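Visitor: have a look at this prediction, sequence included:
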Amino acid sequence: MYDKKAILQDLYDRLYKAFGPRHWWPGDSPFEVVVGAILTQNTAWRNVKKAIGNLKAGNLLAPDVLYDLPVQDLATVIRPAGYYNVKARRLKHFIEFLFRESGGDLDRLLARDLGALRNELLAVNGIGPETADSILLYAGDKPTFVVDTYTKRILFRHGLMPEEASYDEVRDYFLDSLVPDVAMFNEYHALLVHLGHTFCVKRNPKCEKCPAMGWNDE
DNA sequence: TGCCAGGCCGGGT
DNA sequence: ACCCGGCATGGC
(Lines give C-alpha, C1' and ligand atoms only; values in the text may rest on other atoms or scores of the structure.)
Protein backbone atom coordinates (compact mmCIF):
# COMPACT_ATOMS: atom_id res chain seq x y z
CA MET A 1 0.00 0.00 0.00
CA TYR A 2 0.93 3.64 -0.33
CA ASP A 3 1.74 6.06 2.39
CA LYS A 4 -0.05 9.37 2.41
CA LYS A 5 2.79 11.17 0.69
CA ALA A 6 3.68 8.64 -1.99
CA ILE A 7 0.10 8.44 -3.17
CA LEU A 8 0.17 12.04 -4.38
CA GLN A 9 3.17 11.35 -6.58
CA ASP A 10 1.46 8.22 -7.86
CA LEU A 11 -1.72 10.17 -8.57
CA TYR A 12 0.30 12.65 -10.59
CA ASP A 13 2.01 9.90 -12.57
CA ARG A 14 -1.32 8.30 -13.39
CA LEU A 15 -2.95 11.56 -14.41
CA TYR A 16 -0.04 12.50 -16.61
CA LYS A 17 -0.02 9.10 -18.24
CA ALA A 18 -3.76 9.25 -18.83
CA PHE A 19 -4.10 12.82 -20.06
CA GLY A 20 -0.65 14.06 -21.04
CA PRO A 21 0.55 17.64 -20.68
CA ARG A 22 -2.22 20.23 -20.46
CA HIS A 23 -0.14 23.23 -21.55
CA TRP A 24 -1.35 25.63 -18.87
CA TRP A 25 -1.94 28.48 -18.13
CA PRO A 26 -3.93 29.58 -21.20
CA GLY A 27 -2.53 33.11 -21.52
CA ASP A 28 0.02 34.93 -23.65
CA SER A 29 1.73 36.94 -20.92
CA PRO A 30 2.13 37.08 -17.14
CA PHE A 31 -0.25 40.04 -17.00
CA GLU A 32 -2.89 38.12 -18.92
CA VAL A 33 -2.48 35.29 -16.43
CA VAL A 34 -3.13 37.67 -13.55
CA VAL A 35 -6.23 39.10 -15.20
CA GLY A 36 -7.48 35.62 -16.03
CA ALA A 37 -6.89 34.43 -12.47
CA ILE A 38 -9.16 37.14 -11.11
CA LEU A 39 -11.80 36.81 -13.83
CA THR A 40 -12.10 33.04 -13.45
CA GLN A 41 -13.13 33.17 -9.80
CA ASN A 42 -16.10 30.79 -9.56
CA THR A 43 -16.58 31.15 -13.30
CA ALA A 44 -16.30 28.90 -16.33
CA TRP A 45 -13.20 29.61 -18.39
CA ARG A 46 -15.15 29.94 -21.63
CA ASN A 47 -16.77 33.07 -20.19
CA VAL A 48 -13.41 34.44 -19.09
CA LYS A 49 -12.09 33.98 -22.63
CA LYS A 50 -14.79 36.27 -23.97
CA ALA A 51 -13.92 38.94 -21.44
CA ILE A 52 -10.20 38.70 -22.19
CA GLY A 53 -11.05 38.82 -25.89
CA ASN A 54 -12.90 42.08 -25.27
CA LEU A 55 -9.91 43.50 -23.41
CA LYS A 56 -7.57 42.55 -26.24
CA ALA A 57 -9.90 43.88 -28.90
CA GLY A 58 -9.90 47.24 -27.13
CA ASN A 59 -6.12 47.19 -26.57
CA LEU A 60 -6.83 47.35 -22.87
CA LEU A 61 -4.77 44.41 -21.64
CA ALA A 62 -1.91 46.39 -20.14
CA PRO A 63 -1.34 47.71 -16.62
CA ASP A 64 -1.00 51.39 -17.55
CA VAL A 65 -4.10 51.29 -19.74
CA LEU A 66 -6.23 49.61 -17.09
CA TYR A 67 -4.91 52.01 -14.49
CA ASP A 68 -6.49 54.91 -16.37
CA LEU A 69 -9.67 53.12 -17.44
CA PRO A 70 -12.71 54.05 -15.28
CA VAL A 71 -13.91 51.07 -13.28
CA GLN A 72 -17.37 51.46 -14.80
CA ASP A 73 -15.98 51.07 -18.31
CA LEU A 74 -13.89 48.11 -17.23
CA ALA A 75 -16.99 46.41 -15.84
CA THR A 76 -18.75 46.77 -19.18
CA VAL A 77 -15.84 45.23 -21.08
CA ILE A 78 -15.52 42.19 -18.81
CA ARG A 79 -19.26 41.61 -18.58
CA PRO A 80 -19.25 38.07 -20.09
CA ALA A 81 -17.09 36.85 -17.19
CA GLY A 82 -19.93 37.42 -14.72
CA TYR A 83 -19.74 39.25 -11.37
CA TYR A 84 -18.46 42.05 -13.54
CA ASN A 85 -18.88 44.83 -10.99
CA VAL A 86 -16.92 43.08 -8.25
CA LYS A 87 -14.33 41.80 -10.67
CA ALA A 88 -13.77 45.24 -12.17
CA ARG A 89 -13.07 46.50 -8.67
CA ARG A 90 -10.80 43.54 -7.94
CA LEU A 91 -8.79 44.13 -11.09
CA LYS A 92 -8.46 47.77 -10.12
CA HIS A 93 -7.29 46.77 -6.65
CA PHE A 94 -4.56 44.62 -8.14
CA ILE A 95 -3.50 47.34 -10.59
CA GLU A 96 -3.29 49.88 -7.77
CA PHE A 97 -1.25 47.42 -5.75
CA LEU A 98 1.03 46.82 -8.74
CA PHE A 99 1.72 50.53 -9.24
CA ARG A 100 2.14 51.13 -5.53
CA GLU A 101 4.66 48.33 -5.18
CA SER A 102 6.63 48.44 -8.42
CA GLY A 103 5.41 51.35 -10.51
CA GLY A 104 3.41 49.02 -12.74
CA ASP A 105 6.33 46.70 -13.50
CA LEU A 106 4.91 43.19 -13.15
CA ASP A 107 8.22 41.44 -13.78
CA ARG A 108 9.78 43.37 -10.94
CA LEU A 109 6.88 42.53 -8.63
CA LEU A 110 7.09 38.85 -9.52
CA ALA A 111 10.82 38.82 -8.78
CA ARG A 112 9.99 38.98 -5.09
CA ASP A 113 10.31 36.10 -2.69
CA LEU A 114 7.46 33.58 -2.84
CA GLY A 115 6.38 33.74 0.79
CA ALA A 116 6.52 37.51 1.06
CA LEU A 117 4.72 38.11 -2.23
CA ARG A 118 2.04 35.59 -1.33
CA ASN A 119 1.23 37.51 1.84
CA GLU A 120 1.19 40.79 -0.04
CA LEU A 121 -1.17 39.39 -2.67
CA LEU A 122 -3.48 38.02 0.00
CA ALA A 123 -3.69 41.50 1.48
CA VAL A 124 -5.14 42.84 -1.79
CA ASN A 125 -8.92 43.02 -1.63
CA GLY A 126 -10.27 40.48 -4.08
CA ILE A 127 -7.28 38.15 -4.09
CA GLY A 128 -7.76 35.03 -2.01
CA PRO A 129 -5.51 31.98 -1.65
CA GLU A 130 -6.35 30.30 -4.95
CA THR A 131 -5.97 33.48 -6.99
CA ALA A 132 -2.70 34.28 -5.20
CA ASP A 133 -1.26 30.84 -5.82
CA SER A 134 -2.39 30.90 -9.46
CA ILE A 135 -0.56 34.19 -9.95
CA LEU A 136 2.56 32.96 -8.16
CA LEU A 137 2.73 29.66 -10.02
CA TYR A 138 1.45 30.50 -13.48
CA ALA A 139 2.63 34.10 -13.85
CA GLY A 140 5.61 34.04 -11.49
CA ASP A 141 6.92 30.50 -12.02
CA LYS A 142 7.18 30.01 -8.28
CA PRO A 143 6.88 26.61 -6.57
CA THR A 144 3.48 26.92 -4.89
CA PHE A 145 0.45 24.66 -5.26
CA VAL A 146 -2.96 25.80 -6.46
CA VAL A 147 -5.95 24.28 -4.68
CA ASP A 148 -9.42 24.60 -6.19
CA THR A 149 -12.79 22.95 -5.74
CA TYR A 150 -11.80 20.07 -8.00
CA THR A 151 -8.65 19.42 -6.00
CA LYS A 152 -10.57 19.26 -2.73
CA ARG A 153 -13.34 17.16 -4.21
CA ILE A 154 -10.98 14.62 -5.77
CA LEU A 155 -8.93 14.24 -2.58
CA PHE A 156 -12.08 13.90 -0.50
CA ARG A 157 -13.64 11.31 -2.81
CA HIS A 158 -10.49 9.25 -2.57
CA GLY A 159 -10.45 9.48 1.20
CA LEU A 160 -7.23 11.47 1.24
CA MET A 161 -8.58 14.54 3.01
CA PRO A 162 -11.66 15.32 5.10
CA GLU A 163 -14.31 17.28 3.25
CA GLU A 164 -13.99 20.21 5.63
CA ALA A 165 -10.23 20.58 5.14
CA SER A 166 -9.10 24.17 4.78
CA TYR A 167 -7.34 25.60 1.75
CA ASP A 168 -3.99 25.69 3.54
CA GLU A 169 -4.33 22.15 4.86
CA VAL A 170 -4.81 20.80 1.34
CA ARG A 171 -2.02 22.97 -0.04
CA ASP A 172 0.36 21.88 2.72
CA TYR A 173 -0.44 18.24 2.02
CA PHE A 174 0.82 18.67 -1.55
CA LEU A 175 3.80 20.81 -0.58
CA ASP A 176 4.85 18.37 2.15
CA SER A 177 4.44 15.32 -0.07
CA LEU A 178 6.08 16.35 -3.34
CA VAL A 179 9.58 17.36 -4.36
CA PRO A 180 9.15 21.03 -5.27
CA ASP A 181 9.12 21.53 -9.02
CA VAL A 182 7.45 24.43 -10.81
CA ALA A 183 6.78 22.54 -14.03
CA MET A 184 5.27 19.61 -12.14
CA PHE A 185 3.11 21.80 -9.85
CA ASN A 186 1.94 23.61 -12.96
CA GLU A 187 1.02 20.37 -14.66
CA TYR A 188 -0.48 18.76 -11.57
CA HIS A 189 -3.10 21.42 -10.97
CA ALA A 190 -3.99 21.50 -14.66
CA LEU A 191 -4.42 17.73 -14.65
CA LEU A 192 -6.68 17.83 -11.60
CA VAL A 193 -8.89 20.42 -13.28
CA HIS A 194 -8.95 18.31 -16.42
CA LEU A 195 -10.02 15.30 -14.40
CA GLY A 196 -12.75 17.38 -12.79
CA HIS A 197 -13.95 18.61 -16.15
CA THR A 198 -13.86 15.17 -17.66
CA PHE A 199 -15.48 12.93 -15.14
CA CYS A 200 -17.60 14.48 -12.50
CA VAL A 201 -19.27 17.52 -11.13
CA LYS A 202 -20.88 16.57 -7.88
CA ARG A 203 -22.09 13.46 -6.15
CA ASN A 204 -25.20 13.60 -8.23
CA PRO A 205 -27.41 10.54 -8.71
CA LYS A 206 -28.24 11.79 -12.19
CA CYS A 207 -24.60 12.03 -13.21
CA GLU A 208 -23.85 9.09 -15.46
CA LYS A 209 -20.11 9.47 -15.14
CA CYS A 210 -19.95 9.21 -11.36
CA PRO A 211 -20.75 5.49 -11.04
CA ALA A 212 -17.86 4.65 -13.34
CA MET A 213 -15.53 6.46 -10.98
CA GLY A 214 -17.03 4.79 -7.93
CA TRP A 215 -18.11 8.17 -6.66
CA ASN A 216 -21.77 7.44 -6.16
CA ASP A 217 -21.27 4.61 -3.72
CA GLU A 218 -23.25 5.11 -0.55
C1' DT B 1 -35.00 24.58 -17.39
C1' DG B 2 -32.37 24.63 -13.59
C1' DC B 3 -27.81 23.88 -12.28
C1' DC B 4 -23.08 24.70 -12.54
C1' DA B 5 -18.56 27.15 -13.39
C1' DG B 6 -10.66 26.98 -12.11
C1' DG B 7 -13.71 32.37 -5.26
C1' DC B 8 -13.86 36.00 -2.27
C1' DC B 9 -15.76 39.51 0.76
C1' DG B 10 -18.41 41.46 4.57
C1' DG B 11 -21.62 41.13 8.19
C1' DG B 12 -23.52 38.31 11.55
C1' DT B 13 -23.16 34.76 15.26
C1' DA C 1 -13.21 31.18 14.30
C1' DC C 2 -16.89 29.77 11.35
C1' DC C 3 -21.30 30.54 8.58
C1' DC C 4 -23.89 32.51 5.02
C1' DG C 5 -25.80 35.64 1.48
C1' DG C 6 -24.36 38.22 -2.39
C1' DC C 7 -22.22 38.71 -6.70
C1' DA C 8 -23.93 37.37 -12.71
C1' DT C 9 -23.05 35.56 -17.26
C1' DG C 10 -23.41 31.72 -20.58
C1' DG C 11 -23.58 26.67 -21.77
C1' DC C 12 -25.46 22.22 -21.40
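Guide: That came in fine, so what should we check first?
Visitor: got the phi/psi numbers for the one residue sitting closest to the centre of chain A?
Guide: With distances taken as C-alpha atoms, centre = their mean, the residue of chain A nearest its centroid is A:Ser134 (4.2 Å). When quoted as degrees, to the nearest 10, the phi and psi of A:Ser134 stand at phi -60, psi -40.
Visitor: for the one 4 residues further on, same thing?
Guide: Summarising the backbone geometry of A:Tyr138 under the convention degrees, to the nearest 10, its torsions are phi -90, psi -20.
Visitor: tell me how many other residues surround it.
Guide: 25 (other C-beta atoms under 10 Å). In this view, the C-beta of every residue, glycine as well, is placed from N, C-alpha and C.
Visitor: ok, the closest residue to it other than its chain neighbours - contacts?
Guide: Leaving out its chain neighbours, the residue that sits closest to A:Tyr138 by C-beta to C-beta, 6 or more residues apart in numbering is A:Trp25, at 3.9 Å. Contacts here follow C-beta atoms under 8 Å, 6 or more residues apart in numbering; on that basis A:Trp25 touches A:33, A:36, A:134, A:138-139, A:186, A:190.
Visitor: next, count neighbours for A:Val65.
Guide: 13.
Visitor: contacting residues around the residue in chain A that DNA strand B sits nearest to?
Guide: When scored by C-beta to the nearest atom of the strand, chain A has A:Gly128 as its residue closest to DNA strand B, at 2.1 Å. If a contact means C-beta under 8 Å, 6+ apart, then A:Gly128 has A:41, A:122 as its contacts.
Visitor: quick one: A:Ala6 from A:Ala44, how far?
Guide: 34 Å (C-beta to C-beta, to the nearest Å).
Visitor: and which of the contacts of A:Trp25 is nearest to DNA strand C?
Guide: Checking these one by one against DNA strand C (C-beta to the nearest atom of the strand), the nearest turns out to be A:Gly36, at 15.2 Å.
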